[in-house]
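# got a sequence here, can you model it:
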Amino acid sequence: MSTLPSGRDELAGCYPRLEHPTLRVNFIASADGAVSVDGLSAGLQGPGDKEVFDTLRMVCDALVVAAGTVRAERYDALRLTTEDRIWRTRHGLPEFPLMVIVSGSLDLDPAQLIFADAPVRPIVLTHRAAPGDSPIAEVAELVRAGDEQVDLAAGVAALHERGATQLLCEGGPGLLGSMIAADLVDELCLTVAPLLAGGGAGRIAHGPASPPRRMALRHALTREDMLFLRYARPRA
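Numbering: from 1, shown residues only. Okay, here's the model as predicted:
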């Protein structure tokens with residue numbers, strides 16, 4: 001087991017952009033499996049966690065998040081630091097990644113900073129039965145995939161067609177569970193916090209039953225008792 005590096009390029013090397021389309025998910029959990037403390041993931045954070053969080057955003061083409069997580073975690077606009085933007089442009093990427101919110105109901109606040117302060121117009125991935133006159137259409141591009149519920153596979157394919165092949169998902173657990181059921185997850189980046197949270201907090205994924213998906217451990221890194229795991233789908 002190695003120590004989590006601190007340099008931007010060294011960290012990016014631990015979470016590289018890949019030649020093939022990849023959907024990578026990033027979650028944090030306590031040592032006893034809780035996904036939150038008092039309903040929020042912030043209570044689990046510790047040394048190194050924000051650096052990994054920021055690095056994963058820096059290297060992705062698009063960040064995909066469920067509407068419930070956007071509301072609960074009070075997401076701001078997807079603005080990167082100057083240094084991260086320089087890294088992206090140096091590697092031939094747009095200055096900012098796309099922000100993609102998955103919402104079947106379009107129950108989102110257009111005044112929330114994720115929309116109102118966005119450097120790039122966000123995408124809301126929804127379905128064809130969603131309201132056609134939502135005010136969210138004024139601040140985001142609506143991409144409809146599926147008839148009465150969001151078809152995640154079709155949504156991912158639509159992002160690939162736009163050139164966004166390196167996707168990062170930050171949750172929530174319902175979205176991750178649906179992505180697992182749709183067999184879309186290529187990588188899991190899991191931070192394990194050295195806490196016993198107890199209580200009734202949920203796990204990182206819940207949703208429809210699906211066959212287990214075998215993953216291969218790519219690295220296990222540590223910093224001050226925080227554990228950073230990266231699993232990837234085995235490839236031939």
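# gap between the residue lying farthest from the centre of the chain and residue 108?
Distance from the centre of the chain peaks at residue 133, with 27.6 Å (CA atoms, centre = their mean). Distance, residue 133 to residue 108, using CB to CB, to the nearest Å: 14 Å. Using the backbone N, CA and C atoms, a C-beta is placed for each residue, glycine as well.
# could you do residue 58 as well?
25 Å.
# what ranges do the helices span in the protein?
Shown for the chain, the helices assigned by DSSP state H span residues 8-14, 49-59, 67-72, 82-90, 113-116, 152-161, 173-181.
# so which of the ones you listed comes closest to residue 124?
helix 67-72 (8.1 Å; CB to CB).
# tell me what that closest one is packed against?
Here helix 67-72 touches strand 98-102, going by 3 or more CB pairs under 8 Å, 6 or more residues apart in numbering; DSSP states H and E.
# pairing partners for the strand it packs on, with directions?
The strands beside strand 98-102 in its sheet (DSSP bridges) come out as strand 62-66 (parallel), strand 123-126 (parallel).
# out of those strands, which gets nearest to residue 48?
strand 62-66 (19.8 Å).
# what angle do the closest one and helix 152-161 make?
Relative orientation of strand 62-66 and helix 152-161, computed by axes from the mean of the first three to the mean of the last three CA atoms, to 10 degrees: 160 degrees.
# quick one: contacts for residue 112?
Neighbouring residues of residue 112 by CB atoms under 8 Å, 6 or more residues apart in numbering: 70, 74-75.
# rewinding a little: for residue 34, which of the helices of the chain is the nearest?
Using CB to CB, the helices of the chain put helix 173-181 closest to residue 34, at 11.2 Å.
# which of the contacts of residue 112 ranks first by neighbour count?
Using other CB atoms under 10 Å as the neighbour criterion, residue 70 leads the contacts of residue 112 with 24 neighbours.
# that residue contacts residue 99, doesn't it?
No: assessed by CB atoms under 8 Å, residue 70 is found out of contact with residue 99, at 9.3 Å.
# hey, what's in contact with both of the two?
residue 114.
# any low-confidence regions in the chain?
By pLDDT under 70, the weakly predicted segments of the chain are 236.
# which strand residues bridge residue 66?
If you apply DSSP bridges, the partners that residue 66 bridges to are residue 102.
# quick one: contacts for it?
Contacts of residue 66 (CB under 8 Å, 6+ apart): 101-103, 171-172, 174-175.
# contacts only, for residue 55.
Per CB under 8 Å, 6+ apart, neighbours of residue 55: 8, 11-12, 14-15.
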